Each structure stands twice: as C-alpha cells, then as structure tokens.
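**Q** okay, predicted coordinates and the sequence, questions at the end:
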Amino acid sequence: MSDLEAVLDRIDADLDQAIERLFATLRLKSISTDPAYAAATRACAEWHAADLASIGFEASVRDTAGHPMVVGHDRSAAGTSLLFYGHYDVQPVDPLELWEHDPFEPRIVTRADGSKMIVARGSSDDKGQLMTFVEACRAWKAVTGALPLPMTILLEGEEESGGENLPPFLDANIEELRADLALICDTSMWDARTPAITTSLRGLCGEEIIIRGADRDLHSGFYGSAAANPNHVLARILADLRDGEGRVTLPGFYDGVPELPESLRASWAKLDFDPDAFLGEVGLAQPAGEKGRSVLEQTWSRPTAEVNGMGGGYQGEGFKTVIPAEASAKISFRLVFDQDPHKIRAAFRDFVKARIPSDCSVEFIEHGSGTAVAFDTDAPAFQKTQAALTDEWGRDAAFMGGGGSIPVTTLLKERLGIDVVMVGFGLTDDRIHSPNEKYDLQSFHKGIRSWARILAAL
C-alpha cells in the first residue's frame with residue numbers, strides 16, 4: 001500500500017472524529033462584523049491555533065487592530081513550499097426566525113434520497129471548507145509522521161467583514177509567509193459530482209451611503225411634500241445606477257473591461273450549464289443583468305452593481321407615518337479584468353453627490369476593495385491539481401470562473417508574486433450568507449480525500 005492509499009484509508013476511518021472537530025468550531029459564534037461577538041471570534045481563533053498545534057504545527061494567535069490571525073508552520077519537509085489560506089469568521093445569522101434550528105448548534109440532516117448534509121452557520125463558508133484541508137494534513141501526519149511538503153497555514157478572522165487588517169499583516173510578515181504556491185479552499189464545485197478549480201475571481205468595491213434630511217423624523221401629514229424625504233432621494237439614486245438594458249450607468253464604469261476572448265467563451269460553452277435551472281433553483285426565471293449577455297458572462301466576466309441592504313424610517317410591526325431623518329444603503333460593485341476599484345468608488349461618490357438636494361447631506365463609508373484576478377491554467381500546479389481531483393471524483397475536474405471576490409487572492413498574487421490554486425467543495429445550494437446554511441457531507445468527506453491527493457500530486 002502506498003502512503004497516499006494509507007492516508008485515504010485513514011481519512012475514511014477517522015470521518016466521525018473529523019465531523020466532531022468541525023462541529024466544535026461551528027459552535028463558536030465568530031461573527032466578525034458584530035462587536036458583540038468579539039470574544040467569541042477570538043475564542044474561535046484560539047481553538048484553531050490549538051487544533052493546528054495538536055498535529056505538530058508551530059501555531060499561534062496573532063493580534064491585529066481588529067480580529068486576530070492564526071498562523072501555523074510545519075516546514076520539516078522539503079520541496080515546493082505551500083501557503084494555505086482560510087477564514088474562521090462567519091456571516092451574521094439574521095433573520096434568525098428563518099432558521100429551522102439553532103445556527104450555532106450543528107447537526108447532520110438526512111434528505112429524502114438518503115444523502116446527508118451538515119447544517120450550521122459557517123458549515124460551508126468557510127469552516128467546513130478550511131477543515132477539509134486541515135483534516136488532510138492531520139491524516140498525512142498520522143500515517144507518515146510528516147507532511148508531503150513544507151507548509152504555512154494562515155487563517156483570517158475578518159474575511160466576512162472587509163478584511164481591512166489582512167493587507168498590513170501580510171506586509172509586516174511577508175518574509176515569514178513567503179511560499180512558492182498558495183492554496184485557498186473557499187470556492188465551489190462545478191456541480192455535485194464534478195470538482196472544479198476556480199481560475200479567476202471578480203474584484204470588489206464596497207460602499208455605504210447615509211443620506212440625511214431633517215434634524216428628526218417628521219410627521220408625514222404635517223410635512224409631506226414640503227420636506228425632503230431621504231427615502232425618496234435614496235430610491236432615485238439607486239434606480240439611476242442601472243439603465244433599462246441592465247448596464248451600470250457610472251461614468252467610466254466599463255473602462256478596462258474588454259469583450260470576452262472567443263477561446264474562453266468557447267470553453268465555457270462546452271460546460272454543462274443550464275441558465276434556466278440556475279435561476280430556477282432559487283425561484284427566478286429572468287436574467288437581470290446586461291441584455292445580450294449569457295448568464296455565465298454576467299456572473300463570471302461582467303461587472304455589476306448590487307444593492308445589498310437599504311433602510312430608512314419605521315420598519316417595525318404595524319404602521320408609522322413618518323418622513324425619516326435619514327436613509328441608508330450598502331452597495332457592492334463586482335469588478336472584472338482591469339477595472340480600478342478606487343476609480344469606481346470615486347465615480348460612485350460623484351454620482352451620488354450630483355443627486356443630493358441642497359438641503360440634504362450624504363456620508364460615505366468605505367467597505368473594502370480589491371481588483372479582479374486570473375491565473376494561467378497551463379501552469380504545472382493547476383495541471384497536477386486537476387489530475388488529482390479527477391482521480392478522486394472520477395470525472396474531469398473543470399476550470400471555471402468565479403463570480404465572487406476573495407480579496408486575499410489578489411494580495412497573495414501581488415504581494416508574494418505567487419499563483420493561487422483555488423479548490424473548494426461548496427455547492428450552489430449551500431445557502432452561504434443565508435439562513436439554513438449547509439455543507440454536503442460528501443463535500444466534506446471527499447474534500448478531505450481530494451486535498452490529500454493534491455498534496456501528494458504537488
């Protein structure tokens with residue numbers, strides 16, 4: 001029996017214990033965006049540092065101006081050095097009433113077809129994913145006493161809340177974290193049976209606006225029509241962001257956005273993708289982006305502007321006739337190719353200011369930015385990873401684009417000058433960022449086995 005075969009057997013035999021370890025971190029309420037959970041977020045960092053130390057990593061919790069980082073090293077092996085990145089923080093659980101069970105009390109649910117899924121906040125994004133990698137390392141250490149390659153693991157605690165402390169942390173520790181290749185497990189499979197390597201990601205520009213009118217909420221009967229209504233102002237601004245063809249209307253927004261190369265378009269056309277099913281599984285039917293663009297183009301290679309949250313005035317039970325003193329919205333721009341997030345932010349702010357009445361004011365709050373990133377799939381690391389995934393799943397692993405943003409990917413490429421192999425085992429129905437988030441048990445189990453194979457291949 002080869003070392004790899006023995007490692008895979010160990011993973012199978014240890015699955016129940018691996019699930020218990022995953023459940024332990026899922027119970028920790030590491031909601032990074034809410035200050036009320038700062039202690040729980042730190043406790044989660046400490047748990048992961050201790051877990052890494054238990055399998056021989058030199059692991060520590062590193063303080064930042066915000067939530068801490070976890071860094072673990074095991075450089076006893078020779079060969080290509082690896083830097084694995086994951087994040088231990090999670091999204092808020094609101095609206096809590098839509099959860100079928102306590103979001104921080106993980107459970108395994110059996111579907112009607114007999115398949116099983118792990119349900120909890122963070123089960124897919126990103127605790128379940130990062131633990132597939134850690135469990136693969138655990139199995140290698142248990143069987144052979146060592147990892148196949150020298151390795152550093154970096155776990156962040158602010159990915160879900162902007163990650164503003166990661167860039168300075170990388171800069172301050174760049175020599176310690178330097179590696180030949182980076183690995184990230186925060187992406188998805190092509191479908192439930194087909195593994196995938198994500199080779200491109202969109203960039204991100206996040207912005208919050210607060211529009212203020214009167215110095216207090218006003219009675220809408222006494223002041224209606226006479227007083228500026230921040231809700232109306234906000235609604236006009238947001239409506240103006242897109243035209244009737246689905247295009248974003250900010251001046252210069254499409255600078256640096258070329259047409260999709262025909263070779264890439266042809267590659268995507270070969271994928272078994274059903275746009276009707278893609279939208280249908282979330283209860284929709286009509287693509288809402290740019291007219292004349294396929295759904296894959298809209299989600300992988302075209303920029304977008306989305307309103308992620310908005311509010312103003314009375315939103316409790318019943319009815320209250322007020323003109324609110326302020327209204328707010330959170331907007332994210334997903335960017336592609338060579339779009340500059342800083343220019344997009346400046347254009348958006350000018351766009352908003354031009355639409356603010358003279359007796360209203362606006363405040364802008366920045367929520368992170370990052371450029372798009374893409375990698376050459378002909379590089380040896382991508383070819384070896386594709387072969388390892390194909391061996392595990394029995395289906396050719398796909399190279400796919402990603403509609404989301406993982407800002408650290410760009411940072412690693414720019415600051416360390418290295419390729420980033422992004423392999424994840426999430427599915428489109430995992431409900432990440434939503435109530436009843438889940439992670440298929442098969443994704444967790446075969447994800448561990450996949451990483452064990454990838455480490456051997458590399």
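**A** Sure thing, it's come through.
**Q** which other helices and strands contact the lowest-mean-pLDDT helix or strand in the chain?
**A** Across the helices and strands of the chain, mean confidence by mean pLDDT, DSSP states H and E is lowest for helix 262-269: a mean of 78. Other helices and strands packing on helix 262-269, by 3 or more Cβ pairs under 8 Å, 6 or more residues apart in numbering; DSSP states H and E, are absent; none qualifies. (Glycine included, C-beta is placed from N, CA and C.)
**Q** okay, buried residues for that helix please.
**A** 264, 268 (16 or more other Cβ atoms under 10 Å).
**Q** just stretch 393-407 next, same as before
**A** 393, 397-403, 405-407.
**Q** same list (those residues) but as TSV, adding pLDDT and distance to Phe382.
**A** Formatted as TSV, the buried residues of stretch 393-407 follow (pLDDT from 0 to 100; distance: Cβ to Cβ, whole Å):
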residue	pLDDT	distance to Phe382
Trp393	98	16
Ala397	93	10
Ala398	90	12
Phe399	90	7
Met400	90	12
Gly401	87	14
Gly402	86	14
Gly403	83	20
Ser405	76	20
Ile406	82	17
Pro407	78	21
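**Q** can you redo those residues as a markdown table with secondary structure and distance to Arg415?
**A** Output for these, formatted as a markdown table (DSSP: H, G, I helix; E, B strand; the rest coil; distance: Cβ to Cβ, whole Å):
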| residue | secondary structure | distance to Arg415 |
| --- | --- | --- |
| Trp393 | helix | 33 |
| Ala397 | coil | 28 |
| Ala398 | strand | 29 |
| Phe399 | strand | 25 |
| Met400 | strand | 25 |
| Gly401 | strand | 23 |
| Gly402 | strand | 20 |
| Gly403 | coil | 24 |
| Ser405 | coil | 17 |
| Ile406 | coil | 14 |
| Pro407 | helix | 12 |
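**Q** export those residues to TSV and tack on distance to Ser220?
**A** Converted to TSV, the buried residues of stretch 393-407 look like this (distance: Cβ to Cβ, whole Å):
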residue	distance to Ser220
Trp393	59
Ala397	58
Ala398	54
Phe399	55
Met400	50
Gly401	47
Gly402	45
Gly403	40
Ser405	40
Ile406	44
Pro407	42
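**Q** what number of residues lie near the closest residue to Asp34 other than its chain neighbours?
**A** Spatially, and ignoring its direct neighbours in sequence, Asp34 is nearest to Pro92 (6.1 Å; Cβ to Cβ, 6 or more residues apart in numbering). When neighbours are counted by other Cβ atoms under 10 Å, Pro92 registers 17.
**Q** check the one 5 residues further on too.
**A** Under the neighbour criterion other Cβ under 10 Å, Glu97 is assigned a count of 6.
**Q** what angle separates the least confident helix or strand of the chain from strand 398-402?
**A** Angle, helix 262-269 to strand 398-402, by axes from the mean of the first three to the mean of the last three Cα atoms, to 10 degrees: 110 degrees.
**Q** who's in contact with helix 262-269?
**A** Contacts with helix 262-269, where a contact means Cβ atoms under 8 Å, 6 or more residues apart in numbering, come from 294, 296-297, 300-301, 399, 401.
**Q** now stretch 370-390
**A** In contact with stretch 370-390 (Cβ under 8 Å, 6+ apart) are residues 181, 195-197, 199-204, 335-341, 396-397, 399, 405, 407, 409-411, 413, 419-421, 423, 450, 453-454, 456-458.
**Q** what number of residues lie near the closest residue to Thr410 other than its chain neighbours?
**A** Nearest residue to Thr410, sequence neighbours excluded (Cβ to Cβ, 6+ apart): Val373, at 4.7 Å. Applying other Cβ under 10 Å, we find 22 residues neighbouring Val373.
**Q** for Val373, list each beta-bridge partner.
**A** In this entry, Val373 is beta-bridged to Leu201, by DSSP bridges.
**Q** how close does it sit to Val408?
**A** Between Val373 and Val408 the distance is 10 Å, computed by Cβ to Cβ, to the nearest Å.
**Q** give me the neighbour count for Ile210.
**A** Residues near Ile210, counting by other Cβ under 10 Å: 16.
**Q** okay, and it sits in which element?
**A** Using DSSP states H and E, Ile210 sits within strand 203-212.
**Q** okay, and the beta partners of Phe333?
**A** Going by DSSP bridges, Phe333 forms beta bridges with Cys205, Ala305.
**Q** ok, it touching Ile344?
**A** Yes: at 5.4 Å, Phe333 counts as touching Ile344 under the criterion of Cβ atoms under 8 Å.
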